[in-house]
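1. Would you be able to build a 3D model of this:
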Amino acid sequence: MFRTMTIPVIDIFAGPGGLGEGFSAFESDDSPKPFHVKLSIEKDVSAFETLKLRSFYRQFPRGEAPKIYYDVLRQRIPAAALPGHLKGSQTLFNCWKAAEEEALHAELGSSEPTHEMIGRRIVQALGDTRSPWVLIGGPPCQAYSVVGRARNRGNRGYRIEKDQRSSLYREYLRIIADHWPAVFVMENVKGMLSATVQNANIFDQIIEDLKSPLAAFGHEKRIKPSQRYRIVPLVRRGASLLNDTYNPTDFIVPCERFGIPQMRHRVILVGIREDLGDIGLPALEPANAPVVNDVIGDLPKLRSGLSRRRSSERYVQLEDSADLWIQAITDRTLGKQSTGRRWLKSLSNGHGSEVNDEIRRVVGALSAPAEDRGAEFIPYSGTPAESNPLHWWYCDPRLGGVCNHMTRGHMESDLARYLFATCYARVYGTSPKLHEFPADLLPAHHNASSGDFNDRFRVQVGEQPSTTIVSHISKDGHYFIHPDPEQCRSLTVREAARLQTFPDNYYFCGPRTAQYVQVGNAVPPLLARQIAGCVWALLKEAGKV
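-> Residues are numbered from 1 along each chain as shown. Down below sits the predicted model:
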């Protein structure tokens with residue numbers, strides 16, 4: 001007999017909803033879908049629209065979403081026009097209104113009235129706050145990240161303590177102090193472990209604040225067990241901080257060790273309210289990670305586009321077509337232009353001869369893919385290959401195609417770099433460093449030989465999990481080159497979403513740049529689903545469900 005009780009979940013700094021999707025998708029033997037996302041809060045308008053549309057999908061049992069949802073994904077109805085199309089059905093329109101209640105467009109930390117409004121919405125969403133509930137979310141982390149700190153050092157007068165992004169965890173902390181969830185899950189970058197403010201380690205202070213939120217805000221008197229938390233990791237089995245002994249690296253979750261096709265390492269803190277008792281948090285179960293080719297290899301093949309070419313001191317916009325794309329690659333490799341031949345000829349002997357042979361084979365066989373550069377929706381009879389170990393998770397047979405699968409345009413000179421890098425990776429099983437590129441392919445900027453950006457052009461090697469998908473994928477594709485040299489391009493939004501383990505029927509709203517940002521900022525939903533399982537087991541052992 002299934003239990004009917006559900007655990008409310010509040011998702012703040014939600015992004016496109018990766019954490020919330022994982023909690024919503026978790027199923028237990030004794031309770032189908034025990035977690036229910038009651039409120040998702042996000043400031044970015046495109047991510048908010050994504051949250052709202054996905055919330056509408058989740059109003060229905062799995063496999064029973066209405067046809068009109070798929071009409072949006074297939075581009076037959078604009079997402080913005082969906083509410084108007086639902087008014088003919090009171091049932092469907094009520095489901096849309098419920099989705100609008102679940103998704104909130106607001107910026108935490110922007111003002112006191114906004115904080116108060118968010119507090120009211122949380123109380124409204126939770127209803128009976130005596131029931132156990134879970135807070136999830138990842139405060140923006142750019143100020144803590146190693147890359148972000150390197151960039152900020154170049155900004156004269158920059159101080160991390162004055163960067164609003166460095167204190168947004170206190171907005172998370174304030175929600176805890178105001179509403180006391182039974183459990184919270186907070187995700188952030190590894191860089192927070194080494195970040196400092198005025199020579200003090202930020203992570204140590206965050207741990208202390210999260211253990212006693214009232215004390216963090218200067219309210220130390222008469223703190224009860226229901227107002228204190230144990231902060232525990234997900235990786236080291238049975239670990240707790242009851243004796244204030246921990247290794248900060250215990251909180252790093254290496255995603256590829258838990259079945260995620262991506263070498264994404266993030267800090268994840270789980271807070272357990274002390275009145276739940278001294279109960280250990282089950283650890284994540286290790287699982288082999290699928291590799292890139294397993295996960296994206298069955299998606300329709302596409303070509304990159306032609307964007308521009310540098311001519312003297314300016315850029316010239318190029319016409320784009322499949323024939324011109326093939327011609328541009330051919331000219332840069334086998335063509336009569338001296339620069340085109342020279343770099344390839346430099347590979348003809350010794351270490352580079354196999355790469356030379358592979359490049360010549362690929363260029364000689366280039367053809368236009370059937371789907372050209374793709375689209376926001378490609379009708380497609382194929383489904384994720386059953387050899388794909390995550391077929392069960394990605395596949396929706398009702399979709400009838402692929403969403404968010406459209407390529408970018410690349411500079412003509414970068415096409416040759418992508419071709420070299422992918423062929424090198426195919427031959428040697430690793431992405432080449434910049435110093436391994438032929439001299440004539442090096443980009444014309446001073447950093448090319450400095451060593452600071454030695455992996456400036458990074459191929460996602462087909463027989464390995466991918467590197468970390470980050471929001472920078474929205475800027476250019478150089479760090480996210482598709483492993484197939486015959487496609488000669490960077491990853492599409494859908495391919496990045498697959499590596500982040502978003503199901504294929506998860507549609508990302510907004511312009512393509514905004515879609516990339518959403519995917520890069522998300523927590524992999526399949527990892528979140530596993531975290532939800534750990535939290536569910538904890539609440540069961542505590543007798544709260």
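2. just the strands in the stretch 101-250 of the chain please.
-> 103-105, 134-137, 183-189, 196-197, 200-201, 229-232 (DSSP state E, counting those that start in this stretch).
3. Which of the ones you listed comes out lowest on mean pLDDT?
-> Among these, strand 196-197 carries the lowest mean pLDDT, a mean of 76.
4. Could you check how far that one is from the centre of its chain?
-> Computed by CA atoms, centre = their mean, to the nearest Å, the chain-centroid distance of strand 196-197 equals 27 Å.
5. so which of the strands of the stretch 101-250 of the chain comes closest to residue 56?
-> Evaluated over the strands of the stretch 101-250 of the chain, closeness to residue 56 peaks at strand 103-105, with 9.3 Å, by CB to CB. All C-beta atoms are positioned from the backbone trio N, CA, C, and that covers glycine.
6. Does anything pack onto that closest one? Which helices or strands?
-> strand 35-42, helix 45-58 (3 or more CB pairs under 8 Å, 6 or more residues apart in numbering; DSSP states H and E).
7. residues of it that come out buried?
-> 103-104 (16 or more other CB atoms under 10 Å).
8. I'd assumed residue 378 was in contact with residue 492.
-> No. Using CB atoms under 8 Å, residue 492 is not in contact with residue 378; the gap is 10.2 Å.
9. related to what we said a few turns ago, same list (the strands of the stretch 101-250 of the chain) but as a markdown table, adding distance to residue 433.
-> A markdown table is the format used below for the strands of the stretch 101-250 of the chain (distance: least, CB to CB, whole Å):
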| stretch | distance to residue 433 |
| --- | --- |
| strand 103-105 | 43 |
| strand 134-137 | 37 |
| strand 183-189 | 24 |
| strand 196-197 | 30 |
| strand 200-201 | 32 |
| strand 229-232 | 39 |
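10. For residue 209, find the nearest of those strands.
-> Evaluated over the strands of the stretch 101-250 of the chain, closeness to residue 209 peaks at strand 229-232, with 10.0 Å, by CB to CB.
11. ok, residues contacting the very next helix or strand once past the closest one?
-> Sequence-wise, the next helix or strand downstream of strand 229-232 (DSSP states H and E) is strand 252-254. Residues from elsewhere that reach strand 252-254 (CB atoms under 8 Å, 6 or more residues apart in numbering): 190, 193, 234-235, 263-268, 284, 527.
12. Return stretch 105-123 as CSV; C-alpha atoms alone will do.
-> C-alpha atoms of stretch 105-123 as CSV (Å, rounded to 0.1, in the frame of the first residue of the first chain):
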residue,chain,number,x,y,z
HIS,A,105,10.2,35.4,-10.7
ALA,A,106,12.1,37.2,-7.9
GLU,A,107,15.6,38.1,-6.9
LEU,A,108,16.7,37.1,-3.4
GLY,A,109,18.8,39.8,-1.7
SER,A,110,17.5,42.6,-3.9
SER,A,111,15.5,44.4,-1.2
GLU,A,112,13.7,43.9,2.1
PRO,A,113,10.2,44.1,0.6
THR,A,114,11.2,41.3,-1.8
HIS,A,115,12.5,39.2,1.0
GLU,A,116,9.2,39.7,2.9
MET,A,117,7.2,38.8,-0.2
ILE,A,118,9.2,35.6,-0.7
GLY,A,119,8.7,34.7,3.0
ARG,A,120,4.9,35.0,2.5
ARG,A,121,5.0,32.9,-0.6
ILE,A,122,7.0,30.2,1.2
VAL,A,123,4.5,30.1,4.1
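13. shaky segments in the stretch 1-150 of the chain?
-> Residue ranges of the stretch 1-150 of the chain with pLDDT under 70: 1-4, 129, 141-150.
14. Now with 50, please.
-> 1-3, 145-150 (pLDDT under 50).
15. C-terminal to the stretch of helix or strand residue 363 belongs to, what's the next element?
-> Element membership for residue 363, per DSSP H and E: helix 353-364. Once helix 353-364 ends, the next helix or strand along the chain (criterion: DSSP H and E) is strand 374-379.
16. how close does residue 103 get to residue 50?
-> Using CB to CB, to the nearest Å, one gets 9 Å for the distance from residue 103 to residue 50.
17. what's the closest of the strands of the stretch 101-250 of the chain to residue 259?
-> Of all those, strand 183-189 comes closest under CB to CB, at 17.3 Å.
18. ok, back up a step: possible to save the helices and strands packed on strand 103-105 as CSV with mean neighbour count and distance to residue 118?
-> Listed next are those as CSV, based on neighbours: other CB atoms under 10 Å; distance: least, CB to CB, whole Å:
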stretch, mean neighbour count, distance to residue 118
strand 35-42, 24, 6
helix 45-58, 23, 14
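19. As CSV, those with distance to residue 275 would be great.
-> Output for the helices and strands packed on strand 103-105, formatted as CSV (distance: least, CB to CB, whole Å):
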stretch, distance to residue 275
strand 35-42, 21
helix 45-58, 31
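20. So for residue 273, which of the ones you listed sits nearest?
-> Counting by CB to CB, and looking across all of the helices and strands packed on strand 103-105, nearest comes strand 35-42 at 17.0 Å.
21. Just the C-alpha atoms of the closest one, please, in PDB.
-> What follows is strand 35-42, C-alpha atoms only, in PDB (Å, rounded to 0.1, in the frame of the first residue of the first chain):
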ATOM      1  CA  PHE A  35       8.700  15.000  -3.000                       C
ATOM      2  CA  HIS A  36       6.600  17.800  -4.400                       C
ATOM      3  CA  VAL A  37       8.200  21.100  -5.400                       C
ATOM      4  CA  LYS A  38       5.900  23.700  -4.000                       C
ATOM      5  CA  LEU A  39       7.800  26.800  -5.000                       C
ATOM      6  CA  SER A  40      10.800  27.500  -7.300                       C
ATOM      7  CA  ILE A  41      12.300  31.000  -7.100                       C
ATOM      8  CA  GLU A  42      14.600  32.400  -9.900                       C
END
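22. Give the other helices and strands that it contacts.
-> strand 7-12, helix 18-25, helix 45-58, helix 90-102, strand 103-105, helix 112-126.
23. quick one, domains of this structure?
-> Using automatic domain parsing, the domains assigned to the chain come out as 7-287+524-541, 292-521.
24. which one is residue 252 nearest to, not counting chain neighbours?
-> residue 265 (5.4 Å; CB to CB, 6 or more residues apart in numbering).
25. Give me the neighbour count for that neighbour.
-> 15 (other CB atoms under 10 Å).
26. quick one, what contacts it?
-> Contacts of residue 265 (CB under 8 Å, 6+ apart): 190, 252-255, 468.
27. Mind picking the lowest-pLDDT entry from these?
-> The member of these with the lowest pLDDT is residue 190, at 90.
28. my guess is it contacts residue 268, does it?
-> No. Look at residue 190 against residue 268 with CB under 8 Å: they stay out of range, at 10.7 Å.
29. send the alpha carbons of stretch 82-100 over as PDB?
-> Extracted C-alpha coordinates of stretch 82-100, given in PDB (Å, rounded to 0.1, in the frame of the first residue of the first chain):
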ATOM      1  CA  LEU A  82       0.300  28.500 -24.200                       C
ATOM      2  CA  PRO A  83      -2.000  30.000 -21.500                       C
ATOM      3  CA  GLY A  84      -4.300  31.400 -24.100                       C
ATOM      4  CA  HIS A  85      -4.600  28.000 -25.800                       C
ATOM      5  CA  LEU A  86      -5.500  26.400 -22.500                       C
ATOM      6  CA  LYS A  87      -8.500  28.500 -21.700                       C
ATOM      7  CA  GLY A  88     -10.800  26.100 -23.600                       C
ATOM      8  CA  SER A  89     -10.200  23.500 -21.000                       C
ATOM      9  CA  GLN A  90     -10.800  24.400 -17.400                       C
ATOM     10  CA  THR A  91      -8.800  21.400 -16.200                       C
ATOM     11  CA  LEU A  92      -5.700  22.300 -18.200                       C
ATOM     12  CA  PHE A  93      -6.000  26.000 -17.400                       C
ATOM     13  CA  ASN A  94      -6.100  25.100 -13.700                       C
ATOM     14  CA  CYS A  95      -3.000  23.100 -14.200                       C
ATOM     15  CA  TRP A  96      -1.300  26.100 -15.700                       C
ATOM     16  CA  LYS A  97      -2.400  28.300 -12.900                       C
ATOM     17  CA  ALA A  98      -0.900  25.800 -10.500                       C
ATOM     18  CA  ALA A  99       2.400  26.000 -12.400                       C
ATOM     19  CA  GLU A 100       2.300  29.800 -12.200                       C
END
